[in-house]
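A.B. asks: Just to be clear, the model below is a prediction. Sequence and coordinates:
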Amino acid sequence: MPVRINPSILAADFAHLATELDRISSADAVHVDVMDNHFVPNLTFGIPVVERLLQVTELPLDMHLMITDVDRWAPTFAELGVFSVTFHAEATDEPVALARRLRQIGARAGLAIKPGTPVEPYLEVLAEFDQLLVMTVEPGFGGQSFMPETMSKLVAAREVASRSGLDVWLQVDGGINEQTIEVAARAGADTFVAGSSVFGADDAGAQVQLLRQRALEHTHVA
Ligand SMILES: O=C(CO)[C@H](O)[C@H](O)COP(=O)(O)O
Ligand SMILES: [Fe+2]
């Protein structure tokens, strides 16, 4: 099965975003972390930046909303024409309704869970989502260390996806590098977000290919 490498522009040089995107043309999508200083203690990008990104790159935009008011903003991002919109389960009481709205608009719908949030309540509604993002660090900042204790959630989600024949992408985000990607691939992830390990590399394109190769070598998903 294919694996996907989505570099996070949180680790890019914000003064040169267009040229930073040129460095990762071999990637599958660009991961864009939106933070509002309420859901997480940090502030990043908003609508105007995303509008410009859409104009300067052919790569699909994979939005990761770390914001409180997802019912207000997730559909707005979807309407811009991004590829996928992932919101946090902890930020809404109606994740299925919001996912349906995003799909109706034409975006892939993603559900994210923080390291402390159990996956079980969401396994029974997995078919309502196009991707599940299991956070492998506490959301809010790049450059943190991968938390291996989150892997049991991936194993559980992969088991349900396989048993039910669901084409739901299982994404990991936080501390992914050429070592930890192997652990996440073995646990069942197929979509890998990497910020500092890609943009911190001298050759970001080569790093994307290395991560892809390591993930392919360790994926067990047919
Ligand atoms: O969602 C995020 C942080 O909340 C980022 O996508 C993530 O941290 C990527 O950065 P790195 O690969 O450097 O850990
Ligand atoms: Fe992210």
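C.D. replies: In hand now; what should we look at? Ligands and ions are numbered 1, 2, ... in the order given.

A.B. asks: List the residues that contact whatever residue of the chain ends up closest to ligand 2.
C.D. replies: Per CB to the ion, His64 is where the chain lies closest to ligand 2, at 3.7 Å. C-betas here are computed from N, CA, C, even on glycine. Residues in contact with His64 (CB atoms under 8 Å, 6 or more residues apart in numbering) are Ser8, His31, Val32, Asp33, Val34, Thr86, Gly110, Ala112, Leu133, Asp173, Val193.

A.B. asks: Check Val96 too.
C.D. replies: Val125, Glu128.

A.B. asks: How much space separates it from Pro118?
C.D. replies: 17 Å (CB to CB, to the nearest Å).

A.B. asks: would you list every one of the strands in the protein?
C.D. replies: 4-7, 30-35, 61-66, 84-88, 108-113, 131-135, 169-173, 191-194 (DSSP state E).

A.B. asks: would you list those strands in a markdown table and tack on distance to ligand 1 and mean pLDDT?
C.D. replies: As requested, these are exported to a markdown table (distance: least, CB to the nearest ligand atom, whole Å; pLDDT from 0 to 100):
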| stretch | distance to ligand 1 | mean pLDDT |
| --- | --- | --- |
| strand 4-7 | 8 | 98 |
| strand 30-35 | 5 | 98 |
| strand 61-66 | 5 | 98 |
| strand 84-88 | 10 | 99 |
| strand 108-113 | 8 | 99 |
| strand 131-135 | 7 | 99 |
| strand 169-173 | 5 | 98 |
| strand 191-194 | 5 | 98 |
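
A.B. asks: With distance to Gln55 added, can I get those strands in CSV?
C.D. replies: CSV is the format used below for the strands of the chain (distance: least, CB to CB, whole Å):
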stretch, distance to Gln55
strand 4-7, 19
strand 30-35, 13
strand 61-66, 11
strand 84-88, 18
strand 108-113, 21
strand 131-135, 25
strand 169-173, 25
strand 191-194, 23
